[in-house]
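>>> here you go, sequence then predicted model.
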Amino acid sequence: TGPLYIFMGLVMVLVFFVIRVLPGPALLNSLISSQRYWTDVNTPVYALAMVTLPLPSLLFTYWFVRILQGMVGALAGPDKKEA
């Protein structure tokens with residue numbers, strides 16, 4: 001766990017945030033603002049879409065929080081990980 005390991009971990013956190021988490025609110029806003037285009041879609045398809053389309057953004061946010069927790073644990077040192 002040298003400086004290169006820490007640097008690469010920080011780069012991974014930054015890239016994951018920019019590519020996966022940051023676009024999430026815009027994608028959800030796009031889904032909400034496109035409701036009038038969904039009027040001709042069957043009700044089961046619409047319901048399935050409204051349930052499944054937000055899932056990736058929510059899961060990316062969940063995994064980002066887990067990555068941040070791991071990063072804090074790694075930066076805290078081996079003796080503080082157990083706390």
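Looks like it came in fine.
>>> for the residue nearest the centre of the chain, which non-adjacent residue is spatially closest?
Nearest residue to the geometric centre of the chain (Cα atoms, centre = their mean): Phe60, 2.0 Å. Using Cβ to Cβ, 6 or more residues apart in numbering and skipping residues adjacent in sequence, the residue nearest Phe60 is Arg20, 4.2 Å away. C-beta here means a position set from N, CA and C on the backbone, and glycine is covered the same way.
>>> against Val11, how distant is the one you found?
14 Å (Cβ to Cβ, to the nearest Å).
>>> tell me where the protein has helices.
All helices of the chain, identified by DSSP state H, fall at 3-16, 24-33, 43-52, 55-76.
>>> adding mean pLDDT, write those out as TSV.
Shown next, in TSV, are the helices of the chain (pLDDT from 0 to 100):
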stretch	mean pLDDT
helix 3-16	92
helix 24-33	94
helix 43-52	94
helix 55-76	92
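>>> how many residues are close by the closest residue to Pro23 other than its chain neighbours?
Residue nearest to Pro23 in three dimensions, not counting chain neighbours: Ser57, with 8.0 Å by Cβ to Cβ, 6+ apart. Here the number of neighbours of Ser57 (other Cβ atoms under 10 Å) works out to 18.
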